[in-house]
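Asks: return a 3D structure for these sequence lines:
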Amino acid sequence: MKKILNDPKDYVDEMLEGFTAAHPEFYAQPERRVIARAGGAIAGKVGIVTGGGSGHLPVFTGYVGPGFLDACAIGDVFASPSAEQMAGAIRRANGGAGVLRLYGNYGGDVMNFDMAGEMVDMEDDIRTSTVVLADDVVSAPKEEAEKRRGVAGMIYAFKIAGAAADTMADLDEVTRIAQKAADACRSIGMALSPCIVPQAGKANFEIGDGEMEMGMGIHGEPGIWRDSLKPADAITDEMIDRILADRPLARGDRVSVLVNSLGATPLEELYIMYRRVRQRFDEAGVEIVMPLVGRYATSMEMTGATLTVIALDDELETYLKAPAACAYWRVG
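Replies: Model prediction:
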């Protein structure tokens, strides 16, 4: 294992110490493994929290900020935070108007956030609601969409829900909009190489030098096929085709598109992929609004990419374009 670290057991805590020190205008760590918006909760505004394992920066902690999230609980690399940490994040996000729990569909996160919601309801009388992202189209069939993993589509939900909360809408309305954004997202990933979890000290899966895997999850969950590496256009075409088979688009539709690096894939290769996405959508008469290309949801140093498409209407597009700021994404 070659990593820039001290003791692997201190990896997350030392990262968070540096993270908050580097960006004090956005982030504070009021308690261990809880990142909150600098300045605290805003009175009368619906709070939005997320949570999950480390190893995915900017997800999860990076999207705390004005127009995004209010707090985040963070666990060890690829491990869920505790229910107590999630409850701490909910309390830090609470401005008196209730708190939305907005996170990806992973068993530990679902269980612990459910427990945290019960804790703050009983102990603090904080009303909460839940929206779970399940946008990975190849992780379960369409008729079992509730079993799908949540991947990079969650950043669109963070942005859109955060903008809705900034209008001082109530919890039911913010939840409705967040669910609408989540339902509009479709994603798929592919990988070329594994990553190393510091406390494990070894690669999380094995793959041949000339191979790729289509549909692999952000923790190394198995994909749908493994074969020799394909040309960029062929890879991108298959990713687009699988997304459109699940959520068809018509001429005149508007979408936003995220071409995301899983960590080690360089921007140059992402732009080659986006070039093909743009060609395909232009041919189909689909307008791309506010495309995103870069590292938005990673998996340590994994080589690979994800593609996310969110279908927009006037309401979602307005919230997507609303001002927001964090260390990794600024709008307006």
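Asks: quick one, strands of the stretch 1-150 of the chain?
Replies: Counting by DSSP state E, counting those that start in this stretch, one finds strands in the stretch 1-150 of the chain at the ranges 27-31, 34-37, 47-54, 71-77, 99-104, 128-133.
Asks: wait, what's in contact with Met239?
Replies: Shown here is Met239, whose contacts under the criterion Cβ atoms under 8 Å, 6 or more residues apart in numbering are Ile188, Met190, Met214, Leu307. In this view, the C-beta of every residue, glycine as well, is placed from N, C-alpha and C.
Asks: which SS state does the last one fall under?
Replies: Right, the one you point to is Leu307. strand (DSSP: H, G, I helix; E, B strand; the rest coil).
Asks: against Asn105, how distant is the closest residue to it other than its chain neighbours?
Replies: Among residues not flanking Leu307 along the chain, Met239 sits closest, at 4.5 Å (Cβ to Cβ, 6 or more residues apart in numbering). Note on Met239: its distance to Asn105, by Cβ to Cβ, to the nearest Å, is 20 Å.
Asks: and Ala297, by the same measure?
Replies: Ala297 sits 14 Å away from Asn105 when distances are taken as Cβ to Cβ.
Asks: now do Leu270
Replies: As defined by Cβ to Cβ, Leu270 lies at a distance of 25 Å from Asn105.
Asks: follow-up on the earlier one: of Ala297 and Asn105, who's got more company?
Replies: Set Ala297 next to Asn105 and count neighbours by other Cβ atoms under 10 Å: Ala297 wins out with 28 against 22.
Asks: correct me, but that one touches Thr306?
Replies: Yes - assessed by Cβ atoms under 8 Å, Ala297 is found in contact with Thr306 at 6.9 Å.
Asks: count the neighbours of the spatially closest residue to Val197 that is not a sequence neighbour for me.
Replies: Of all residues beyond its chain neighbours, the one nearest Val197 is Val77 (4.9 Å), with distances taken as Cβ to Cβ, 6+ apart. Under the neighbour criterion other Cβ under 10 Å, Val77 is assigned a count of 23.
Asks: and if you look at the one 4 residues further on?
Replies: As a burial measure, Pro81 scores 27 neighbours (other Cβ under 10 Å).
Asks: with Ile243 instead?
Replies: The number of residues packed around Ile243, counting by other Cβ under 10 Å, is 23.
Asks: quick check: buried residues in the helix or strand hosting it?
Replies: For Ile243, the enclosing helix or strand under DSSP states H and E is helix 232-246. Using 16 or more other Cβ atoms under 10 Å as the test for burial, helix 232-246 gives Ile235, Thr236, Asp237, Glu238, Met239, Ile240, Arg242, Ile243, Leu244, Asp246.
Asks: what touches both of Ala297 and Thr306?
Replies: By Cβ under 8 Å, 6+ apart, the residues touching both Ala297 and Thr306 are Val151, Ala152, Ile218, Asn260.
Asks: what's the most distant pair in those?
Replies: Ile218 and Asn260 (9.8 Å; Cβ to Cβ).
Asks: so for the two, which sits in the more crowded spot?
Replies: The neighbour comparison of Ile218 against Asn260 (other Cβ under 10 Å) goes to Ile218, with 32 against 27.
Asks: what residues are up against the more buried one?
Replies: Contacts here follow Cβ under 8 Å, 6+ apart; on that basis Ile218 touches His56, Arg149, Val151, Gly189, Leu262, Ala297, Thr298, Ser299, Met302, Thr306.
Asks: go with 10 Å
Replies: Each residue near Ile218 by Cβ atoms under 10 Å, 6 or more residues apart in numbering is listed here: 52-53, 55-56, 59, 78, 104, 106, 136, 149-152, 187, 189, 191, 195, 260, 262-263, 297-300, 302, 304, 306.
Asks: that one: helix or strand, and which one exactly?
Replies: Assessed by DSSP H and E, Ile218 sits outside every helix and strand.
Asks: roughly how far does the closest residue in space to Gly215 that isn't next to it in sequence sit from Gly108?
Replies: For Gly215, ignoring the flanking residues on the chain, the nearest one in space by Cβ to Cβ, 6+ apart is Gly223 at 3.3 Å. Between Gly223 and Gly108 the distance, using Cβ to Cβ, works out to 21 Å.
Asks: with Ile42 instead?
Replies: Note on Ile42: its distance to Gly108, by Cβ to Cβ, is 29 Å.
Asks: how about Leu192?
Replies: Distance of Leu192 to Gly108, computed by Cβ to Cβ: 27 Å.
Asks: so for the two, which sits in the more crowded spot?
Replies: Shown here are Leu192 and Gly108; by other Cβ under 10 Å, Leu192 has more neighbours (21 against 16).
Asks: what helix or strand is the residue nearest to that one when sequence neighbours are not counted located in?
Replies: Nearest residue to Leu192, sequence neighbours excluded (Cβ to Cβ, 6+ apart): Thr303, at 4.2 Å. Counting by DSSP H and E, the element that carries Thr303 is strand 303-312.
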